[in-house]
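1. Just to be clear, the model below is a prediction. Sequence and coordinates:
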Amino acid sequence: MARPQKHRCICSVPEVSGFLPKGRSPDGSTNLTYDEYEVIRLLDYVQMTQEECARRMDISRPTVTRIYNQARQKMADMLVNARELTIGGGDVTVCREMKPECAGEKHCCHRSKELSCGWRESKEPE
């Protein structure tokens, strides 16, 4: 029997919920889950290592690699096939309190009064 999936900890939900291609109507849509968004943000924007990202999200480094590869494939599909990108869903937990490593974190939900922290959105069965 497979081990249950561990909830991924993210600092905040993104301020936007998607993007549209410019110049023509979108040819379908691609959904980036919150954990995929967070891995892209931490590895490519914040420029953490995979080990640092794994510690921050409370998951293993191989899981970070797998999520990152899935996210990159979805981003490529969106760009190449002119698809709408939506961001949402997944099995995540937003951190409940400011962590010491988040002290300088611009995107931490504890810096924004508009976002409610501590919620959990579970992935719908496929």
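-> Thanks, I have the structure now. Residues are numbered from 1 along each chain as shown.
2. how about the helices of this structure, start to end?
-> All helices of the chain, identified by DSSP state H, fall at 34-40, 50-57, 61-80.
3. Out of these, which is the most enclosed?
-> helix 34-40 (a mean of 24; mean count of other C-beta atoms under 10 Å). C-beta: built from backbone N, CA, C; applies to glycine.
4. So what's the gap between it and the chain middle?
-> 2 Å (C-alpha atoms, centre = their mean, to the nearest Å).
5. Report the helix or strand with the lowest average pLDDT across the protein.
-> Using mean pLDDT, DSSP states H and E, strand 120-121 stands out as the lowest-scoring helix or strand of the chain, at a mean of 42.
6. ok, back up a step: E15 is nearest to which of the helices of the chain?
-> helix 34-40 (11.1 Å; C-beta to C-beta).
7. who's in contact with that closest one?
-> 8, 10-11, 13-14, 32, 53, 57, 64, 67-68, 70-72, 74-75, 87-92, 121 (C-beta atoms under 8 Å, 6 or more residues apart in numbering).
8. quick revisit: which one of the helices of the chain lies closest to G28?
-> Comparing the helices of the chain by C-beta to C-beta, helix 61-80 comes nearest, at 9.1 Å.
9. now the angle from that closest one to helix 50-57?
-> 100 degrees (axes from the mean of the first three to the mean of the last three C-alpha atoms, to 10 degrees).
10. What average pLDDT does helix 61-80 get?
-> Averaging pLDDT along helix 61-80 yields 96.
11. Poorly predicted segments of the chain, please.
-> 2-6, 95-126 (pLDDT under 70).
12. 80 instead, please
-> 1-9, 11-13, 93-126 (pLDDT under 80).
13. related to what we said a few turns ago, could you redo the helices of the chain as a markdown table and give each row distance to D27?
-> Listed next are the helices of the chain as a markdown table, based on distance: least, C-beta to C-beta, whole Å:
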| stretch | distance to D27 |
| --- | --- |
| helix 34-40 | 21 |
| helix 50-57 | 32 |
| helix 61-80 | 10 |
